[in-house]
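Peer 1: this is the structure alone, sequence omitted:
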C-alpha cells in the first residue's frame with residue numbers, strides 16, 4: 001500500500017465573515033512531485049471571493065481553504081471550476097470542493113458549493 005499524498009498550502013489572505021475566520025491560499029507542494037511557487041493575484045482574488053461566499057459551509061475544524069487547481073473543466077465536472085481543499089489546523093485535507101466560475105476571464109459565480117464527501121487525502125490525478 002502506498003503512502004498517502006502529503007499536501008501543503010501557502011496562506012495568502014485571511015477572510016472573516018461574521019464570527020467565522022478562515023485563511024485562504026493555494027496548494028504549493030504535493031508529494032506527487034510538483035510545486036507551485038506563486039499564483040496570479042487576479043486568480044487568488046477571485047478564489048478569495050468564492051471562499052468568502054461559502055465560508056458558512058465549511059467544516060468547523062477548517063482553518064485553511066486552499067486552491068488546488070485554477071479554473072478548468074474535467075470529466076467529473078464539465079463546468080469551469082476551481083478545485084479547492086479544506087484543511088484543518090494540522091494541515092490534514094478534510095474535504096474537496098468544486099467552485100463553479102463563469103469562465104477563466106470573468107468573476108466567479110455566487111452559487112452554493114458542490115457537495116462532496118469528506119476525503120482523507122486529495123484526489124489522485126492520473127496522467128497519460
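Peer 2: Thanks, I have the structure now. This one's a predicted model, so the numbers in the text were calculated from it and none came from an experiment.
Peer 1: need the contact list for the residue minimising distance to the centre of the chain.
Peer 2: Centroid check for the chain by CA atoms, centre = their mean gives residue 84 as the closest residue, at 1.6 Å. Contacts here follow CB atoms under 8 Å, 6 or more residues apart in numbering; on that basis residue 84 touches 47, 50, 51, 65, 66, 67, 68, 96, 97, 98, 99. Heads up, the C-betas are built off the backbone N, CA and C, glycines and all.
Peer 1: if we only consider these, which is nearest to residue 18?
Peer 2: Set against residue 18, the nearest of the contacts of residue 84 by CB to CB is residue 51 (14.0 Å).
Peer 1: quick check: buried residues in the helix or strand hosting the residue nearest to the centre of the chain?
Peer 2: Residue 84 is located in strand 81-88, with elements delineated by DSSP states H and E. Buried residues in strand 81-88, counted by 16 or more other CB atoms under 10 Å: 81, 82, 83, 84, 85, 86, 87.
Peer 1: how about stretch 38-50?
Peer 2: Buried, per 16+ other CB under 10 Å, within stretch 38-50: 39, 43, 44, 46, 47, 48, 49, 50.
Peer 1: before we move on, what about stretch 67-76?
Peer 2: 67, 68, 69, 70, 71.
Peer 1: for stretch 20-28, same thing?
Peer 2: Neighbour-count burial for stretch 20-28 [16+ other CB under 10 Å]: 22, 23, 24, 25, 26, 27, 28.
Peer 1: residue 59 belongs to a strand?
Peer 2: No. Read with DSSP: H, G, I helix; E, B strand; the rest coil, residue 59 is coil and lies in no strand.
Peer 1: contacts only, for it.
Peer 2: When contacts are counted by CB under 8 Å, 6+ apart, residue 59 touches 86, 88, 94, 95, 118.
Peer 1: again, but for residue 58
Peer 2: Residue 58 touches 22, 65, 86, 95, counting by CB under 8 Å, 6+ apart.
Peer 1: now for the buried residues of stretch 67-76: which two are most distant?
Peer 2: 68 and 71, at 11.8 Å, using CB to CB across these.
Peer 1: what's the angle between the helix or strand harbouring residue 22 and strand 81-88?
Peer 2: Element membership for residue 22, per DSSP H and E: strand 20-30. Interaxial angle of strand 20-30 relative to strand 81-88 (axes from the mean of the first three to the mean of the last three CA atoms, to 10 degrees): 110 degrees.
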